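S.K.: Let me see the structure of the following:
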Amino acid sequence: MRILFLFSAMVACSSPTTPTDAPVGLIDGQPVERSAFVDALMAEHGETFFARYAERMLVERAAKQAGVVVTDDEAARAADGEIETQLTGRFGGSRAQLDEHLARYGQTFDRWRAGRIQDARVMLMAQGVLRGQVDEARVRELFEQRYGKGGVRQQVRHLFISTQVTSTRFYPMSEYQADHANAVKEAGEVAASLHQQLTAGADFAALARAHSDDRTAVEGGVLGSNWSGRYGPRFDDAVRTLPVGQLSPVIESREGFHLLRVDGVRKGARYEGRALLVSARRRSDDDPADEATRFAAAQARAQALLARIQGGEVFADVAKAESADRLTAAKGGDLGPFAPGRLGPEADEVLETMPLNSVSAPIRTKDGFVLIQLTAREFLPAQDKKIVRHIRISTEYPEVKARRLAGKLEALAKAKAEKLFADIQGGADFATLAREQSEDELSRRTDGAVSGVRVEVLGPESEKILASMKPGEVRLVAGERGFHILKLEAAIQADFAQVRGELEAELRRTPVTEKDARAWIAGLREKAKLEPRF
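M.R.: Numbers count the residues shown, from 1 in each chain. Predicted coordinates:
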């Protein structure tokens, strides 16, 4: 059947001079009555188009009230700039490819460009209205950003003594280097003591959590199978020669002293199958903050999904609809060929023994619970890897520093801060002491000078104290990260009325982003009372 449309289908694009009873087109020479076509068009697209039309009308009304005018040339230039970006980015600069893409959706370039010009006009009008809207709240916000809270600019000098191991100046590198031989001796003694305790039956995981300097301490020393090359050849050789379940002797490396135990062997293998993840991560404020609650809910959901599969539903269909793994959900959970470690160590144990073409019970992982459908498995003995548990007593600077300062850093920092505070009260130059003694890098570079003091710079404790201080006063403040010595040199009050005009002009010059304009348009639509009557 040959179909000929004489003009754009959308009613909004009709010429205002077109007779209301004129046909909208011909199909095999037969006229399509306007009323019938409009009824069909409204039934299929009316609600969506009505919302867009109303949005455009709302913006045009607001622009008219604000005196914002967008010319045809301005809208066309904005649209053509967007089109050029799309042409270059999506179609490699090929107009032919763009035309081909549009044709697949029944569009021509000219009609598509006309729509982009209309959208650009709406966006430019919205941005123009927003530029002219300088309300009290925005002016006050800029005033406080520029002149300080309440319009008070505090000129402050700041000296900081840290209670954080990473930033404190206690036990500097020079002291560590002089103390290195003793630190190595002590670390070796600790390792030997732990070896005796383990030999006597102490719990490896508990000792790792209490004493290990390795990042695996929080997991009870579980290093897993990724140990090769991490701590040097002596460590690797010990792992290779140790039988499963046996404790190593104390091993010394460039990073300290090590104790390790081989807990098992992860078999080298190649698997094929599908997986369905039920996440226990907190993704919004509505999710329970308690981890145990989230995991319990995830387990219950995984059990329910397993029951659906056991009841006859296809695993791939359930995974596609329900899996939280975005990478595989669209493929029905299909993992393709995969190696051990793909789903975590907990899943590896199950994969080694579960029957082919079966579905596992829910397996708890660090992210939640996973169901596995295993369709193929091939063991590769040459790729077997030992699973290691590990304790490290470090001889490196950061860990030795932490041990040397453990339990006494707070007292040392407090005593030093009190001494410097007394020196300043006795007439010592604040700027000199700040430059030489402060452990805050930013203020040290400026002889302690800090302008526009804000909570995120010095902390809420300091801000609260500064609000009650008088110019010339010096105070010692205990904060979350250490001790602050503050001197308020001046507090300059800005006159809001005097600078208001300048701030308003600045806000009007500030570019309005497309994101801001879209948010404003959405707000207009939400506030408006739309009553489609189809």
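
S.K.: Which positions in stretch 515-528 come out as buried?
M.R.: 517, 520, 521, 524 (16 or more other CB atoms under 10 Å). In this view, the C-beta of every residue, glycine as well, is placed from N, C-alpha and C.

S.K.: just checking, the first one is part of a helix?
M.R.: Yes. Note on residue 517: a helix contains this position according to DSSP: H, G, I helix; E, B strand; the rest coil.

S.K.: Break this protein into its domains for me.
M.R.: 41-139+495-534, 149-167+407-493, 179-262+387-404, 269-382 (automatic domain parsing).

S.K.: In CSV: these, plus mean pLDDT.
M.R.: What follows is the domains of the chain, written out as CSV (pLDDT from 0 to 100):
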stretch, mean pLDDT
domain 41-139+495-534, 87
domain 149-167+407-493, 89
domain 179-262+387-404, 92
domain 269-382, 92
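
S.K.: so can I have CSV of the ones you listed showing distance to residue 34?
M.R.: Shown next, in CSV, are these (distance: least, CB to CB, whole Å):
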stretch, distance to residue 34
domain 41-139+495-534, 10
domain 149-167+407-493, 63
domain 179-262+387-404, 71
domain 269-382, 43
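
S.K.: Go through these and name the closest to residue 30.
M.R.: domain 41-139+495-534 (18.1 Å; CB to CB).

S.K.: Centre of the chain to the closest one, how far?
M.R.: Taking the mean of its C-alpha atoms, domain 41-139+495-534 sits 29 Å from the chain's own mean (CA atoms, centre = their mean, to the nearest Å).

S.K.: cool, stretch 168-188 as well?
M.R.: 38 Å.

S.K.: Buried ones in that stretch, by neighbour count?
M.R.: For stretch 168-188, by 16+ other CB under 10 Å, it's 168, 170, 171, 176, 183, 184, 186, 187, 188.

S.K.: And those, which two are furthest apart?
M.R.: 168 and 188, at 26.1 Å, using CB to CB across those.

S.K.: Name the SS class of residue 171, please.
M.R.: Once three-state DSSP is applied, residue 171 turns out coil.

S.K.: how much space between it and residue 380?
M.R.: Residue 171 is 49 Å from residue 380, where distance means CB to CB, to the nearest Å.

S.K.: What of residue 481?
M.R.: When CB to CB is the yardstick, residue 481 and residue 380 sit 51 Å from each other.

S.K.: more crowded one of those two?
M.R.: Neighbours per residue, other CB atoms under 10 Å: of residue 481 and residue 380, the larger number sits with residue 481, 16 against 12.

S.K.: neighbours around residue 45, how many?
M.R.: Neighbour tally, residue 45, other CB under 10 Å: 14.

S.K.: and it, how far is that from residue 38?
M.R.: Going from residue 45 to residue 38 by CB to CB gives 11 Å.

S.K.: Residue 227 too?
M.R.: Plainly put, residue 227 is 73 Å away from residue 38 if you go by CB to CB.

S.K.: who's more crowded, the two?
M.R.: Using other CB under 10 Å as the criterion, residue 227 and residue 38 rank with residue 227 on top: 18 against 15.

S.K.: partner residues bridging the closest residue in space to the more buried one that isn't next to it in sequence?
M.R.: Distances taken as CB to CB, 6 or more residues apart in numbering place residue 388 nearest to residue 227, at 5.0 Å, with adjacent residues excluded. With DSSP bridges as the criterion, residue 388 is bridged to residue 224, residue 262.
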